[in-house]
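S.K.: Pasting the sequence and the predicted coordinates here, then a few questions.
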Amino acid sequence: MSAQRRSADVIVIGGGIHGCSTALHCALRGMSVILLEKDHAGRHASGVNAGGVRQLARDVAEIPLSNASMALWHRIAELVDDDCGFTCDGQVLVAETEADLEDCRARVDDLTLRGFHHEELIDTKELRRLVPAVSETCPGGVVSRRDGAAIPLRATQAFKRKAQNLGATIREGVKVEKVSQDGGNWRVTTDAGDFLAPRIVNAAGAWADRIAADLGEPVPLEVIAPMLMITTPMPAFIKPVVIMRSRKLSFKQFGNGTVLIGGGYSGTPLRDENRTILDWRKLATNARTVWDVFPIMRGVPVVRAWAGIEARMPDDLPVFGASARHEGVYHQFGFSAHGFQLGPGAGAVMAEIIATGASNVPIDGLGITRFTQQAH
Amino acid sequence: MKAVTAIDQLAESYDLVVVGAGPAGLSAAARAAELGVNVLLVDENPAPGGQIYRAVTMTPVTDRNVLGTDYWRGAEIVARFERSQASYAGSCTLWSIGPDAAVPEGGGFEIGLSLDGRARLIGARQLILATGAQERPFPIPGWTLPGVMTAGAAQIALKSAAIVPAGRTVIAGCGPLLYLLAGQLAAAGAEIVAVLDTTPRSNWLKAAAALPNFLRSPYLAKGLRLMAKARRSLRFVGGVTGLAAEGAGKLAAVRVERGGSITTIACDTLLLHQGVIPGVNLSNAAGCAHDFDTVQHCWVPRLDDWLTSSVPGIAVAGDGAGIGGAESAALRGEVAALSAAHRLGRFDARERDREAEPLRAKLVRALHGRRFLDLLYRPAPQFLAPRQDETIICRCEEVTAGQVRDTATRLGVTGPNQMKAFLRCGMGPCQGRLCGPTVVELIAEANGTTPAEVGYYRLRPPVKPVTLAELAALPQSEAAVKAVVR
Ligand SMILES: Cc1cc2nc3c(=O)[nH]c(=O)nc-3n(C[C@H](O)[C@@H](O)[C@H](O)COP(=O)(O)OP(=O)(O)OC[C@H]3O[C@@H](n4cnc5c(N)ncnc54)[C@H](O)[C@@H]3O)c2cc1C
Ligand SMILES: Cc1cc2nc3c(=O)[nH]c(=O)nc-3n(C[C@H](O)[C@H](O)[C@H](O)COP(=O)(O)OP(=O)(O)OC[C@H]3O[C@@H](n4cnc5c(N)ncnc54)[C@H](O)[C@@H]3O)c2cc1C
């Protein structure tokens, strides 16, 4: 394998789940690929996230992409030769009040009319069957039964390894400094020399706005640092992942008994230092929610808390698809704290678009033009 | 000294917070307070003393000969601290260090403390981490059997509760503390059936060059005394190259390899010890840069002459800054205090330097000959990276040496942080304190690199577990409450 390779059909910038998945799917289609990653694959959001593989409660604009991804998650071992620790016990959204439940009903009805059937309204009895530990007063919720969870860094590295086995060149510790046009090619300038390809994919996560700006397509990307906490092991008491309708919470017990607590509270990201600062006062609010909803958790020690560096777009939707300005440039970033589940499918769709110019999976509403139109 | 016995007695903020009430922390806090600095000393133990002087003010061991004169010297250090104006919170655990968002760049820290089941966040303009050393992990086959523990754990039980290990006891490993402890336990009435020394014979050659210096060092007399005493009064077995604990559900014997021959010694307690290394969990989680010290063969925080770390405002003193022993710990504590006091504006650089001069001279003397000990007692490779695949190296997650080797070679995992994703080692409640050094060693060996190249775990707060209830009761921030509404 050529570690010295300098040009290819496609250069992918960024070795998160998205970059690695796109590299893999491009390789599967017979394209030559170079992936450039400044740290190591999965070092950032893709390696430290909550691992939630969730279709539940997604914006309708990304449901088709999420659907495509879910199909791949369910045969993930076939795709990447590793099960990625994927388990499928469903995800449940809990309504705390009748008003919450009314919103849930309206949502499920709307999805049904659009032809999506993965979300199912449940009453208090089914909620208690699925989540026995939940506070008695909750009147019901929504379940997405094919949802689950996986192990983030392991999954990302599995995609990387499989891409590599199929001939993709993965260069870790190589930082992209600039992209520019060079005849029919894109010249990708890095701290390890230049690379050339007719097509480039910007999958640089929280740093993707810099690449986009280089390309004359500035985007209003916000760098965020979602935080998570994990406890010591508890006796098994909950199978599905739980989220809530009107409070920030994401709650899950692993097979080994430890409980993961998150929900999108953000610390302070320092992206130039690859570092984050936790905000314990917000984590305290997170803990408070668990205290209210799962009384069984009150005495449990929290052993670890961390945050990852992630890109958020103003509308909480990714930027996905071809550049609006340049031939051969593709964007795949801005996953706004819920892009792990999308990784496998987004890579497949991106490779299809690169290879054929189009995809059967609708990605309307995710294009970069929604930000760049006003800018010009 | 002003005793803080409940969490709400803490001030909102202190000029200086010192973590750890061993010789380093006690000296640092006393010196800073003597200079008029508003200082808080916290320690998770109920009484001051640290490892060496653990429980010196309240130990039930009254026969002074059992713990030795060095131990009782701790009483003076504690007494000096008690005469000072410093605040002291015992049984108080520090679980997080972050920048204080309320003050501009590098101007202060927000620390998380927990006392008596309640947590609080308070401010600290400067920090001195004096959290000391830990025993180097020493995984051998069978070391998780009941009846096997570390020598340090046995010493803690002795100092704080006058408890002596039950039945026939074997002590195994290497380093000066091994002999010290064997002597202390024997004096306290333990039935020590053998002292098994794993110091590699080849180390004598490597250490020889450092011998002349050692011969003039304060360690010499003390060391010789300890060694002579242990050898004279106890069954001493040198040149041990392999160890395994055996027994069905409970320790019954220890299997001893010396070169080619194997013997078995029946015992009820096996105490393991392979020297001490700086405890880096807190400085690591606080974001301080660390380097691999090839002589002491361990990770140490990167510090300047004033013991300040790569994070402005955080200093590390005592054995946490590199193993140097109790005397140097106390001296380094004072140096760190002078430097913190200077940064807090108590006096100018000239005065600081002048005050530090005699301390530095004593420090050189105290550390004289250290290199010889470091080279001589460097553990043998087979104890750093256990050979037998089935040896458990991470107790929290029950990960074996074979699994780590396999993940490193077959899956090409090059660092301990990636290893976590596959094996979860380092993700249990001890946060890698017990497996970290071994995991690094195994990866380095499997990939043919060095520990320095492999790197270490990136550790996450809380550095010590804090309960969900304690967190839930922390004062809420306005931003967090708003976020809920969004
Ligand atoms: C198990 C063990 C036993 C030892 N016994 C001896 C001995 O008998 N004789 C000898 O010469 N040397 C001994 N040593 C070496 C020894 O530790 C010293 O040289 C000396 O105690 C170092 O002093 P120090 O002030 O740096 O740290 P220490 O004396 O270790 O003090 C550190 C203190 O920090 C506290 N601490 C740590 N983390 C936190 C936290 N997050 N929050 C609050 N408090 C915290 C600890 O409870 C401890 O009291 C021993 C080392 C170990 C690991
Ligand atoms: C704490 C947390 C919890 C989360 N929980 C979930 C969840 O439960 N479910 C879910 O679906 N999603 C979740 N997410 C979101 C998910 O992790 C992200 O959306 C997803 O990982 C984004 O993948 P990515 O490949 O776009 O970005 P990243 O993983 O950040 O990858 C981008 C990579 O690009 C590299 N890069 C950047 N600039 C350059 C350059 N100039 N040169 C070379 N390389 C460069 C970076 O080093 C980085 O490795 C969570 C996120 C966080 C932080």
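M.R.: Done, it's in. Ligands and ions are numbered 1, 2, ... in the order given.

S.K.: Helix or strand: which one has residue B:470?
M.R.: helix B:468-472 (DSSP states H and E).

S.K.: For residue 100, grab the count of nearby residues.
M.R.: Went with chain A since none was named. Other residues near residue A:100 come to 20 when the count uses other C-beta atoms under 10 Å in any protein chain shown. Any C-beta I mention is one placed from the backbone N, CA and C, and that applies to glycine too.

S.K.: that's the wrong chain, I wanted chain B
M.R.: Neighbour number of residue B:100 under other C-beta under 10 Å is 19.

S.K.: what pLDDT does it get?
M.R.: Among the per-residue scores, residue B:100 holds a pLDDT of 85.

S.K.: That one and residue B:126 touch, don't they?
M.R.: No. Counting by C-beta atoms under 8 Å, residue B:100 stays clear of residue B:126, with 11.7 Å between them.

S.K.: Where does pLDDT dip in the stretch 51-200 of chain A?
M.R.: Applying pLDDT under 70 to the stretch 51-200 of chain A flags no residue at all.

S.K.: Within range of ligand 2, give me the residues from the stretch 151-300 of chain A.
M.R.: Contacts of the stretch 151-300 of chain A with ligand 2, taken as C-beta under 6 Å from any ligand atom, map to A:175, A:176, A:203, A:204, A:205, A:206, A:207, A:226, A:228, A:262.

S.K.: 5 Å - rerun?
M.R.: Residues of the stretch 151-300 of chain A found near ligand 2, taking C-beta under 5 Å from any ligand atom as the criterion, are A:175, A:176, A:204, A:205, A:207, A:226, A:228.

S.K.: And the residue of the stretch 251-400 of chain B that's closest to ligand 2?
M.R.: Here the stretch 251-400 of chain B gets closest to ligand 2 at one residue, residue B:285, 17.2 Å apart by C-beta to the nearest ligand atom.

S.K.: how much space between the residue nearest to that residue when sequence neighbours are not counted and residue B:467?
M.R.: In this structure, residue B:285 finds its nearest non-sequential neighbour in residue B:459, 4.3 Å apart by C-beta to C-beta, 6 or more residues apart in numbering or on different chains. For residue B:459, the distance to residue B:467 (C-beta to C-beta, to the nearest Å) stands at 20 Å.

S.K.: residue ranges with poor pLDDT in the stretch 51-200 of chain B?
M.R.: Using pLDDT under 70, the stretch 51-200 of chain B drops low at B:104-106.

S.K.: Could you give the number of residues near the residue of the stretch 251-400 of chain B closest to ligand 2?
M.R.: For residue B:285, the count of nearby residues is 21 (other C-beta under 10 Å).

S.K.: ok, it - contacts?
M.R.: Counting by C-beta atoms under 8 Å, 6 or more residues apart in numbering or on different chains, residue B:285 touches B:96, B:97, B:459, B:460, B:461, B:463.

S.K.: Identify, from the residues you listed, the entry nearest to ligand 1.
M.R.: Of the contacts of residue B:285, the one sitting nearest to ligand 1 (C-beta to the nearest ligand atom) turns out to be residue B:463, at 5.4 Å.

S.K.: right, and the closest one touches residue B:431 too?
M.R.: Yes. The pair formed by residue B:463 and residue B:431 meets the contact definition of C-beta under 8 Å, at 7.3 Å.

S.K.: Now the common contact residues for the two.
M.R.: In contact with both residue B:463 and residue B:431: residue B:281, using C-beta under 8 Å, 6+ apart.

S.K.: for the residue of the stretch 151-300 of chain B found nearest chain A, helix, strand, or coil?
M.R.: Distances between the stretch 151-300 of chain B and chain A by C-beta to the nearest C-beta are smallest at residue B:287, namely 6.7 Å. Of the three states, residue B:287 takes coil under DSSP: H, G, I helix; E, B strand; the rest coil.

S.K.: Check residue B:222 too.
M.R.: From three-state DSSP, the assignment for residue B:222 is helix.

S.K.: okay, now it: neighbour count?
M.R.: By the criterion of other C-beta under 10 Å, residue B:222 has 16 neighbours.

S.K.: Look up the pLDDT of it for me, please.
M.R.: Note on residue B:222: pLDDT of 73.

S.K.: Quick one: residues contacting residue B:267.
M.R.: So residue B:267 contacts B:147, B:167, B:168, B:169, B:170, B:193, B:194, B:251, B:252, B:253, B:254 (C-beta under 8 Å, 6+ apart).

S.K.: quick one: the third one from residue B:268, how far?
M.R.: Here the criterion is C-beta to C-beta. By it, residue B:168 lies 5 Å from residue B:268.

S.K.: residues shared between the contacts of the two?
M.R.: Shared contacts of residue B:168 and residue B:268 (C-beta under 8 Å, 6+ apart): none.

S.K.: got the residues of the stretch 1-150 of chain B near ligand 1?
M.R.: The stretch 1-150 of chain B comes close to ligand 1 at residues B:20, B:22-24, B:43-45, B:50-52, B:93-94, B:130-133, as judged by C-beta under 5 Å from any ligand atom.

S.K.: Mind checking which of these are buried?
M.R.: If you count burial by 16 or more other C-beta atoms under 10 Å in any protein chain shown, the buried members of these come out as B:20, B:22-24, B:43-45, B:50-52, B:93-94, B:130-133.

S.K.: Check these one by one and keep those near chain A.
M.R.: Of the residues in these, proximity to chain A by C-beta under 8 Å from any C-beta of the partner chain holds for none.

S.K.: ok, these vs ligand 2, which is closest?
M.R.: For those, the nearest to ligand 2 is residue B:94 (24.4 Å; C-beta to the nearest ligand atom).

S.K.: Grab the nearest non-local neighbour of that closest one.
M.R.: Per C-beta to C-beta, 6+ apart, closest to residue B:94 is residue B:19, 5.0 Å.

S.K.: Tell me where the stretch 201-350 of chain B is predicted with low confidence.
M.R.: B:219.

S.K.: 80 - rerun?
M.R.: Where the stretch 201-350 of chain B drops to pLDDT under 80, the residues are B:213-232.

S.K.: Of all residues in it, which one is closest to ligand 1?
M.R.: residue B:318 (2.2 Å).

S.K.: Likewise for the stretch 201-350 of chain A?
M.R.: residue A:303 (13.5 Å).
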